[in-house]
Every structure is written in structure tokens, then in C-alpha cells.
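A.B. asks: Just need the structure, nothing else, for what follows:
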Amino acid sequence: MTTGQVAGPIDGSGTSRARCVLAPNPSMMTLDGTNTWLIAEPGSTTAIVIDPGPDDEKHLQRVRAAAADRDQRVTEIVLTHRHLDHSAGAPRLAELTGAPVRAVDPDYRLGSEGLTAGDVLTVGGCELHVVATPGHTADSVSLYLPADGVVLTGDTVLGRGTAVIADDGSLSDYLESLHRLRLLADQTGLGTLLPGHGPLLADPAGVLDFYLAHRAERLDEVRAAIAAGDRTPAEIVPRVYAAVDQALWPFAALSVRAQLRYLADHGELPPGVTW
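C.D. replies: Numbers count the residues shown, from 1 in each chain. Model (predicted):
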């Protein structure tokens, strides 16, 4: 169990202003499925949807119905990043609700407004602050909901396990993002992290410390593998990820490549190491 993990059902979990509608797309990479978050001020007639999830008609109808059950209308759709398990349902949900889609990546927007660090999204009196957290992908953001003392982390922090650095991601950026969230936890007394997959996390500072320590340990393991003579991700993965299900090794290779790029950027790679 990851540090701070809150046991219990994921679907319907949340806080006073954030409620999870779990998408039916479980897998090794999506855990129980994608957490679609419905954000609304209590008593408000409007709501924001964070990460509509896959293009699954029943799920998207559930999301719309979850808002309607509380007499709320979805007026904005926001993507934490472009991966399809978070974004593919956005165009259809926009059709169902008439709401625009805001994203960092212009290719995933519907409407005139994008998403930039420092933006404050306000719907019905409920504020969401956009925090840049690139690393998992180049376009990743998190969303700070001060009224509930929570951050919606997308895939930057997961409810179980740790995030993969995608091909367009960066370990340097990712570590900076984790430190940024860790500082936010100290400055604001965060109570909970609401991840894009998996259960709520009730100890933000502890979880982020674990993530940072885990990344440091993995880097040391990769350094040791290189010192032992490994020169490619195909050689490093079996050594460093020996305890991980081999079905996940292709994804581990993505992280190894990110680790090697990081070491290269810091002048730590000997000749002959490739990724």
C-alpha cells in the first residue's frame, strides 16, 4: 500500500467539492480505471469536470447524470494531460454538455481558452488553481482546490504505485514538479491528494517524500547497473525491475530511458550507454 492510501471504494469518493466518477477502463496501467472528478461548490448550479476519461458513452452519461442529480450543469471540462485514458471522452462530453474543453496542449482544446500555470478556474464560486507539473508528460498540470485542501494530481501522483515518465516527459521536470507539490503541501497544509488513478491519498507530504525517495533510489540503481556493465535499457530493466511483473517491463523501459536522459544531462553517462 502506498503511503497515505485511503482504503475503500473509489467510485463516489472525494471531498465536499470533489467527487469521483470511476471510468470502466481498469488495466495494469490505469489501475482501477480513470478517476473522473466532478468539482462543484455545495449548492452551486454549475460544475467542472476534470479528466472525462475514455470515450465510453455509459461513463460520460454517468458523469453528466452525477451533475444533474445535484441540479448542476457542467460548464467547463479540464484535462490534466493529453493521454487518451484521460482525454478521449472530452469531445463527446462537450457535445453532451455544451461545455468547452481546456487543456495545455492546443490540440486537445475545444474553445478559445487554454490552460496555463497560475490560472484560477472559477465556477459557481469554486476556485481551482492550475499548478504546472510536467514530467509524466510535457503538458501535465495539477489542480489545487484550496477550499477543500486538496490537489488533483492527474498522473503526476497515483493512488497506488508510481508514475511512468512518458516519451515526451522528463525526469528533471518531474522531480521539479514533485518538489513544487511538496512545497505546496508545506505552505498550505494539504490534507489529501486526488489522483487520476487509484484511491485518495491522505498524507500528501508523506506520499511526495516517498515519491522523491523512490526516484532517487531508482537513479542509484541505474547508476549501479551501468557500473556493472549494462549499456542499454534492455539490459538495465531486468536488473533494476527484477521484482516487477514482466508485463510491465515495456513501461519500465520508458522510465529507464528517462533516467538515462537525466544522467546524460548531468554529465554522468559513460561512453557507450544508449537509450
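A.B. asks: in the stretch 151-275 of the chain, which ranges drop under the pLDDT threshold?
C.D. replies: With pLDDT under 70 as the threshold, the stretch 151-275 of the chain has no low-confidence stretch at all.
A.B. asks: And the strands in it, which stretches?
C.D. replies: Counting by DSSP state E, counting those that start in this stretch, the stretch 151-275 of the chain has strands at residues 192-195.
A.B. asks: Now do the helices for it: every range, in order, please.
C.D. replies: 171-188, 204-227, 233-240, 249-265 (DSSP state H, counting those that start in this stretch).
A.B. asks: Looks like R218 contacts L260 (just checking).
C.D. replies: No - taking contacts as CB atoms under 8 Å, R218 lies outside contact range of L260: 11.5 Å. Heads up, the C-betas are built off the backbone N, CA and C, glycines and all.
A.B. asks: Of these two, which one has the most company?
C.D. replies: The residue with more neighbours, out of R218 and L260, is L260; 22 against 19, by other CB atoms under 10 Å.
A.B. asks: Can you report how many residues neighbour the residue lying closest to that one once chain neighbours are set aside?
C.D. replies: Closest residue to L260 apart from its sequence neighbours, by CB to CB, 6 or more residues apart in numbering: W275 at 4.2 Å. Residues lying near W275 (other CB under 10 Å) number 16.
A.B. asks: so what's W275 up against?
C.D. replies: T232, P233, V256, R257, L260, R261 (CB atoms under 8 Å, 6 or more residues apart in numbering).
A.B. asks: Can you add distance to D186 and give those residues back as a markdown table?
C.D. replies: Shown next, in a markdown table, are the contacts of W275 (distance: CB to CB, whole Å):
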| residue | distance to D186 |
| --- | --- |
| T232 | 39 |
| P233 | 35 |
| V256 | 31 |
| R257 | 32 |
| L260 | 31 |
| R261 | 29 |
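A.B. asks: Out of these, grab the one that's most surrounded.
C.D. replies: V256 (26 neighbours).
A.B. asks: Could you report the distance from that one to D85?
C.D. replies: Counting by CB to CB, to the nearest Å, the gap from V256 to D85 is 22 Å.
A.B. asks: same thing with Q187?
C.D. replies: For Q187 relative to D85 (CB to CB), the value is 31 Å.
A.B. asks: Looking at the two, which has the bigger crowd around it?
C.D. replies: D85 (19 against 8).
A.B. asks: so the more buried one, which of the three states?
C.D. replies: What DSSP: H, G, I helix; E, B strand; the rest coil gives for D85 is helix.
A.B. asks: quick one: contacts for it?
C.D. replies: Contacts of D85 (CB under 8 Å, 6+ apart): A23, N25, M29, T30, T34, G53, P54.
A.B. asks: Give the closest residue to the third one in space, chain neighbours not counted.
C.D. replies: Distances taken as CB to CB, 6+ apart place F251 nearest to M29, at 6.7 Å, with adjacent residues excluded.
A.B. asks: Make sure the one you found is actually in contact with I165.
C.D. replies: No - using CB under 8 Å, F251 is not in contact with I165; the gap is 9.8 Å.
A.B. asks: Compare those two and say which is more crowded by neighbours.
C.D. replies: Shown here are F251 and I165; by other CB under 10 Å, I165 has more neighbours (25 against 16).
A.B. asks: For the closest residue to the more buried one other than its chain neighbours, give me its contacts.
C.D. replies: Using CB to CB, 6+ apart and skipping the chain neighbours, the partner closest in space to I165 is A258 (3.6 Å). If a contact means CB under 8 Å, 6+ apart, then A258 has I165, G169, S170, L171, Y174 as its contacts.
A.B. asks: distance of A258 from G4?
C.D. replies: Counting by CB to CB, the gap from A258 to G4 is 25 Å.
A.B. asks: need the helices of the stretch 151-275 of the chain in CSV with distance to L115, can you?
C.D. replies: Compiled in CSV, those are given as follows (distance: least, CB to CB, whole Å):
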stretch, distance to L115
helix 171-188, 15
helix 204-227, 22
helix 233-240, 32
helix 249-265, 24
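A.B. asks: Out of the ones you listed, which is closest to V49?
C.D. replies: Proximity to V49 (CB to CB) singles out helix 171-188 among the helices of the stretch 151-275 of the chain, at 22.1 Å.
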